[in-house]
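Visitor: Provide a 3D model corresponding to the input given below.
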Amino acid sequence: MNKPATKKLLVVEDDAGMRELLADVLNRAGFQMAFAETGEAALEAARRDTFDLVLLDVWLPGMNGIDVLAELRRMGVTARVIVMTGDNTPETLMRAVEQQAYRCLAKPFTPTALLEMIQHAFEAPAEEMPIEVVSARPDWVELLVPCQFEAAERIVNFLTQLRANLPEEARRTLGQAFREMLLNAVEWGGKLDPQRKVRVACLRLKRMILYRIADPGPGFRVAELHHSALQNPPDKPFEHMVEREKRGLRPGGFGILVAQAMVDELLYNEAQNEVVLIKYLNDDAPAEEPAAPPA
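Guide: Next up is the predicted model:
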């Protein structure tokens, strides 16, 4: 970490051992800190002082962390909040998204993971458009995501935690494929216009997980994707990089190929502005009980 000592963090954690660990890691990184053991104490600290970042445990005695986050927002606190939790249920994670938590740090975590996430929080663009939660059912999560790289990365973080009960290899490959296709959607379909939204759905069925990504663009034709690795001849796997350099595009262009290799099925609609990713699960993969339909 290379952060100035003037950065001040509010750490909200009721476990004494965890507070001691966080104090040691953050002190070594050069941060100033204030600690709160309860939600009420955290709110009082926020009334007295201004913080650059909040590290917020979810399960606190009395008032839980998500309610604390909601109250901080009502108070006008704009500091980014990193939620620390082992709770990966849709209800908890999507409430955190609704209250504009920056990211979720799953417990247990390493000091390196903590410091990297703090660094990302300080380096991220200042302006953030809200992410809308359309559905937070255990078997159906649906979101409207602004067409910004930062918003896309935040949602990848939350949905990765949401599916943490998957076998490790399935979680890794599905997460990478989803990230590649979501970044494509916000960049090419949404033209990185934060006023435009990508609609993302994550459905958990008994034997599969399905992601659907619908961007606001008109779609595309594969034959016109000269900046994509899809067009490369077999003997020239990097030929598209010349076209990307001409256009001033970021390095990449492998997104669709990467996603195809990491999921079991990848389907586009006719206009090719909506894509479905499917990952089939083994019989021994942990399954979630489908939620009962609303009354």
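Visitor: What are the contacting residues of the longest helix seen in the chain?
Guide: Of all the segments of type helix in the chain, defined by DSSP state H, the longest one is helix 168-184. For helix 168-184, the surrounding residues in contact (Cβ atoms under 8 Å, 6 or more residues apart in numbering) are 145, 149, 152-153, 155-156, 159-160, 163-164, 166, 198, 200, 209, 211, 213, 254-256, 258-259, 262-263, 266, 275, 277, 279, 281, 285. Yep, even glycine has a C-beta here, placed from its N, CA and C like the rest.
Visitor: I'd like to know which of those are buried.
Guide: Buried residues within the contacts of helix 168-184, counting neighbours by 16 or more other Cβ atoms under 10 Å: 145, 152-153, 155-156, 159-160, 163, 166, 198, 200, 209, 211, 213, 254-256, 258-259, 262-263, 266, 275, 277, 279, 281, 285.
Visitor: Among these, which are located in strands?
Guide: If you go by DSSP state E, those have V145, V198, V200, I209, Y211, I213, L266, V275, L277, K279 in strands.
Visitor: got the contact list for the second one?
Guide: Yep, that's V198 we're talking about. Going by Cβ under 8 Å, 6+ apart, the list of residues near V198 reads 144-145, 147, 152, 182, 185-186, 189-190, 213-216.
Visitor: Reformat these as CSV; add distance to K8 and pLDDT.
Guide: Converted to CSV, the contacts of V198 look like this (distance: Cβ to Cβ, whole Å; pLDDT from 0 to 100):
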residue, distance to K8, pLDDT
L144, 33, 97
V145, 30, 97
C147, 32, 97
A152, 29, 94
L182, 33, 96
A185, 37, 94
V186, 32, 95
G189, 39, 93
G190, 35, 96
I213, 38, 97
A214, 41, 97
D215, 39, 96
P216, 39, 96
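Visitor: Let me have those residues in a markdown table, extended by distance to D14.
Guide: Shown next, in a markdown table, are these (distance: Cβ to Cβ, whole Å):
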| residue | distance to D14 |
| --- | --- |
| L144 | 34 |
| V145 | 32 |
| C147 | 38 |
| A152 | 33 |
| L182 | 35 |
| A185 | 39 |
| V186 | 37 |
| G189 | 43 |
| G190 | 41 |
| I213 | 38 |
| A214 | 41 |
| D215 | 42 |
| P216 | 43 |
